[in-house]
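1. Below are the sequence and a predicted model for it; my questions follow.
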Amino acid sequence: MQARPYQEELLEKAKEKNIIVYLGTGSGKTFIAVMLIKHMRDLLGRSKKVVFLVNNVALLEQQAQVIRDCTGLNTASYCGADGVDHWDKEKWGKEVQEQSVMVFIHQVFLDAVAHGFISISNLALLVMDECHHAVKNHPYSKIMTDWYHPAKKKGRAVPKVLGLSASIVVKAVKTEEFRKEKAKLEMMLDAVVETADGISIDLFVNSAREKILHYSASSSLGCEEEVGKVIVSARKELWEVKENELSAIMKSGADVNSKTTSADSLRKDFKFFVNNIFGSIGALLELGVYSLVSMEGSLEEDIKSKCERSDTIWYREEVRDMMADITKKNFRSIIRIAIAKSQILRFSGSEKEKILKFSGSKVLKLIEIIENKGFGQSEEMDMRCIVFVERKLISLALHYLIWKLKLATVVDVGYCYSANANRNVKDPREAEEVNKEKHRMKETLRKFRIGAVNVLVSTSVVEEGIDVPSCNLVVKFDFPQTFRSYIQSKGRARKKGSQYILLVEEGDSDKEARYKEWLGVYKMSMRECHSRMKVQVEQDERDGEFYCTSEARVSGTQAMVLLYQYLQKIPVDRFTRLTPAWTIQMSDNEDQIRRNQSQLFVGMGLLPPHGYLARVQLPHKTPRKVEGKVKVRKEWAKRSAALEVIRLLHEKGELDDSLKVKKKEAVVVDEDSQDEDDAIKKVQEETADSSVTNSHPSWTPSHAPLSTFTLWN
């Protein structure tokens, strides 16, 4: 590939100093990073590496492959679903030796550094893709504030930093606010924002033609009010069932950890039925009766899958089944109402005629756009269209509808959504599902690039950074939630003559005003990034408490994760889940507050009159509560208590010096087995050398935690 003049200009700046490359999507930011890696390749060896960080799994392998193809360097990618949580120092050491470039999901890299497996000082270059995420408690921020800046302050070697971004701010802001956000990002990344002249970019980068297309207010089905009443009634029923069970849990004789586990599990399932199921009905009704009826089976399957996972429920199963029955009963009632009012089952026309008759005006406008290949007949015959939606279920509904239409302009239709959404990749079963979805999405995107699929219905998972250069039509079916979403989604339309369409209901002046504001923000942002005006900003207040060993250092946030990881590895029966119970209370211990208070508050004379003290009750027979230090924020107090638990676990030998859980042979106890006593005795013998004793819990509710370890006598 031949570098464009503005890419060479920005490369030279990157050689001289740390920079944040601020260019629109499709302008070749990644190629600038690749050229810098090639420039620095002579510095790479056994002790110096390049780390390239990405913000989501969808980008991971794409960026790794680009680096492999363009540099020829040994390059590997790493994410949670790869099982990296179980890797030890030896395994990481082997990876570091074998690879020159390591592409990470940000959290995986942060954890590897915290456990002492990778040193920030051993990096020659640190690239942060979509670096605008480096705010608040994001892993990008933690990497810089917890590792890069302290190392630099102590005079240790730190890597060159290269940030890549197409949108510095999330929402529309005025000039002064933009300057502050830009200055904060520059301070966080120890870099300066650099961009290129708009005219020079326009010579090489294709910008999509933009247009708002209006659809009429959907014709009333005549059942909205009736359906609304059913939804309100269903939610009320679910609420009452949840509250009654919650009350029973709290009044039971269970220990506080069992109560916490049961209550958390109940609230999670309640949220699933109320939000995932009934929350989707309004969106489906907007699509029309056809989509509502066609997705009935999908929603029923979701409910069935939820009820089949008996190993993930920690309250009474009959209560969950009751919530499922309420949901199914009311959902079927809504379907019956919609069918009766629309008379869809009596329709005798073709499938296409049925779709056109029983779909809302927004869907009809989308069909018109796809048939016309954009706004007006396009000269470009090879249409590649991405339709962006907010919900996974809507992507499935539109995918099915477009597939059933058999339009002449559609070769085939695919769908994409986040593989990680609402999943715990640290759970082996969940990780397997995530990997399956990752591979399916990868194959769908491959087909889209070669034209085997030419219409793709996707959630925002494809918005940020995914390379689809053949895309020439983007339809934002759901209006962008933020300025950043607008910029990122528009950037997917990269081909010459491409179009970007926003669907807006007639008379919605608020959305049209927002769109006009975004156009002004983008122009202002490019102008300000050429400016060298210095703006004074204060660093965000941070807690700064860590627990350190000879090899590792973890923050309070990481301590919370470590605590849950440790509990997951304690051998228990198959119906058990171990959960810590937290309490946070106000504290007026002024001396302790003053000792733990940040220098910023003290220096400003703003010492608050009180703070928060967190205690954590661990799920063991020994009723030991662990408390942290008094903090000025609740979340800091909770993290402080977690750090104290990690300290105790390390001192008792449960965590090694890398602060990883020491390996023990897992023993899963079958509650129907006659050998339960022998199994627990085996665990006790294996852990005797770390001063851990075992005992049966004195009380065990259905699906509640069984404790096999007593950590402190």
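-> Received it, and whenever you're ready, just let me know what you need.
2. and the residue nearest to M144 when sequence neighbours are not counted, helix, strand or coil?
-> Distances taken as Cβ to Cβ, 6 or more residues apart in numbering place M188 nearest to M144, at 5.5 Å, with adjacent residues excluded. Glycine gets a C-beta too; all of them are placed from N, C-alpha and C. Following DSSP: H, G, I helix; E, B strand; the rest coil, M188 is assigned to helix.
3. V363 versus M188, what's the distance?
-> The spacing between M188 and V363, counted by Cβ to Cβ, to the nearest Å, is 43 Å.
4. Check Y486 too.
-> Shown here: Y486 relative to V363, a distance of 22 Å by Cβ to Cβ.
5. E517 now?
-> From E517 across to V363, the span is 28 Å (Cβ to Cβ).
6. got a list of what the residue nearest to M144 touches?
-> Residues in contact with M188, defined by Cβ atoms under 8 Å, 6 or more residues apart in numbering, are A134, V135, Y140, S141, M144, T145.
7. top helix in this structure by residue count?
-> helix 224-251 (DSSP state H).
8. Verify the stated contact: S233 with N330.
-> Yes. Shown here, S233 and N330 form a contact pair, counting by Cβ atoms under 8 Å, at 7.0 Å.
9. higher neighbour count, those two?
-> Remark: of S233 and N330, N330 carries more neighbours, 22 against 13, as counted by other Cβ atoms under 10 Å.
10. what secondary structure does the more buried one sit in?
-> helix.
11. What average pLDDT does stretch 40-59 get?
-> Mean per-residue pLDDT for stretch 40-59: 89.
12. Then stretch 138-154?
-> Computed over stretch 138-154, the average pLDDT equals 95.
13. List the buried residues of it.
-> 138-151 (16 or more other Cβ atoms under 10 Å).
14. Mind jotting down where the helices sit in the stretch 551-700 of the chain?
-> For the stretch 551-700 of the chain, applying DSSP state H, counting those that start in this stretch gives helices covering 556-568, 590-596, 599-604, 634-651, 676-686.
15. Lowest mean pLDDT across those helices, which one is that?
-> Here the helices of the stretch 551-700 of the chain differ in mean pLDDT, and the lowest is helix 676-686 at a mean of 38.
16. Wait, L123 touches F52, no?
-> No. At 10.6 Å, L123 and F52 do not qualify as touching, with contact defined as Cβ under 8 Å.
17. out of the contacts of M188, who's nearest F109?
-> F109 lies nearest to Y140 out of the contacts of M188, by Cβ to Cβ, at 9.8 Å.
18. Spit out the contact partners of that closest one.
-> Y140 touches L53, N55, H106, M128, C131, H133, A134, M188, counting by Cβ under 8 Å, 6+ apart.
19. tell me the least confident of the residues you listed?
-> Across those, the smallest pLDDT goes to N55, namely 88.
20. Contacts only, for that residue.
-> N55 is in contact with I105, H106, D129, E130, H133, Y140, E464, G465, counting by Cβ under 8 Å, 6+ apart.
21. Produce a PyMOL select command limited to the buried residues of those.
-> Entered in PyMOL, the line below selects the buried ones among the contacts of N55, by 16+ other Cβ under 10 Å:
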select buried, resi 105+106+129+130+133+140+464+465
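22. from the contacts of N55, which ones fall inside strands?
-> I105, D129 (DSSP state E).
23. Closest one of the contacts of N55 to K631?
-> Nearest member of the contacts of N55 to K631, counting by Cβ to Cβ, is Y140, at 23.6 Å.
24. Any idea how far the longest helix of the chain is from the middle of the chain?
-> The chain centre lies 29 Å from the centre of helix 224-251; the measure is Cα atoms, centre = their mean, to the nearest Å.
25. go on, stretch 56-74?
-> That offset, for stretch 56-74, works out to 21 Å (Cα atoms, centre = their mean).
26. How about stretch 223-233?
-> The mean C-alpha position of stretch 223-233 is separated from the chain mean by 33 Å, Cα atoms, centre = their mean.
27. wait, what's in contact with M524?
-> Taking Cβ under 8 Å, 6+ apart, one finds T175, F178 in contact with M524.
28. Secondary structure element for it, which one?
-> Using DSSP states H and E, M524 maps to helix 509-530.
29. elements contacting the helix or strand just after that helix?
-> Moving toward the C-terminus from helix 509-530, the next helix or strand (DSSP H and E) is strand 546-548. In terms of contacts (3 or more Cβ pairs under 8 Å, 6 or more residues apart in numbering; DSSP states H and E), strand 546-548 is packed against strand 553-555, helix 634-651.
30. Listing partners with orientation, what would you give for strand 546-548?
-> Strand pairing for strand 546-548, using DSSP bridges, gives strand 553-555 (antiparallel).
31. chain center to the partner strand, what's the gap?
-> 22 Å.
32. Over to stretch 368-378?
-> 34 Å.
33. Show me which positions of that stretch end up buried.
-> In stretch 368-378, counting by 16+ other Cβ under 10 Å, buried: I369, I370, K373, G374, F375, S378.
34. Equivalent analysis for stretch 276-283, please.
-> Buried residues in stretch 276-283, counting neighbours by 16+ other Cβ under 10 Å, are found at N276, I277, F278, G279, S280, I281, A283.
35. Averaged pLDDT, that stretch. What do you get?
-> 84.
36. Show residues contacting it.
-> Residues contacting stretch 276-283 (Cβ under 8 Å, 6+ apart): 227, 231, 234-235, 292, 295, 299, 302-303, 327, 330-331, 334, 390-391, 393-394.
37. Among those, name the buried ones.
-> Buried subset of the contacts of stretch 276-283 (neighbour count, 16+ other Cβ under 10 Å): 227, 231, 234-235, 292, 295, 299, 302-303, 327, 330-331, 334, 390-391, 393-394.
38. follow-up on the earlier one: just the closest of the contacts of Y140 to A338, please.
-> Of the contacts of Y140, the one sitting nearest to A338 (Cβ to Cβ) turns out to be N55, at 39.4 Å.
39. Relative to V169, how far out is that closest one?
-> 16 Å.
40. How about C385?
-> The spacing between C385 and V169, counted by Cβ to Cβ, is 28 Å.
41. Compare the two (neighbour count), which wins?
-> Neighbours per residue (other Cβ under 10 Å) separate C385 from V169, with C385 holding more: 26 against 19.
42. my read: the more buried one touches V475, true?
-> Yes. Applying Cβ under 8 Å as the test, C385 and V475 come out as touching, 6.6 Å apart.
43. Quickly list what's touching both of these two.
-> With Cβ under 8 Å, 6+ apart as the test, C385 and V475 reach no residue in common.
44. export the contacts of N55 to JSON lines and tack on distance to T557?
-> Converted to JSON lines, those look like this (distance: Cβ to Cβ, whole Å):
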{"residue": "I105", "distance to T557": "16"}
{"residue": "H106", "distance to T557": "13"}
{"residue": "D129", "distance to T557": "22"}
{"residue": "E130", "distance to T557": "21"}
{"residue": "H133", "distance to T557": "16"}
{"residue": "Y140", "distance to T557": "13"}
{"residue": "E464", "distance to T557": "23"}
{"residue": "G465", "distance to T557": "25"}
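45. From the contacts of N55, pick the one nearest I212.
-> E464 (22.7 Å).
46. What distance do you get for that closest one to K392?
-> Distance from E464 to K392, by Cβ to Cβ: 17 Å.
47. got a pLDDT number for C548?
-> At C548, the model reports a pLDDT of 94.
48. what's the most distant pair in the contacts of Y140?
-> The farthest-apart pair in the contacts of Y140, when distances are taken by Cβ to Cβ, is N55 and M188, at 15.0 Å.
49. Next, A124: secondary structure please.
-> Applying three-state DSSP: A124 is strand.
50. I367 now?
-> Following three-state DSSP, I367 is assigned to helix.
51. Grab the nearest non-local neighbour of it.
-> L405 (6.8 Å).
52. do the same with M295
-> In space, M295 is closest to A397, 5.1 Å off (Cβ to Cβ, 6+ apart).
53. And the helices in the stretch 401-550 of the chain?
-> Going by DSSP H, counting those that start in this stretch, the stretch 401-550 of the chain shows helices at 428-450, 483-490, 509-530.
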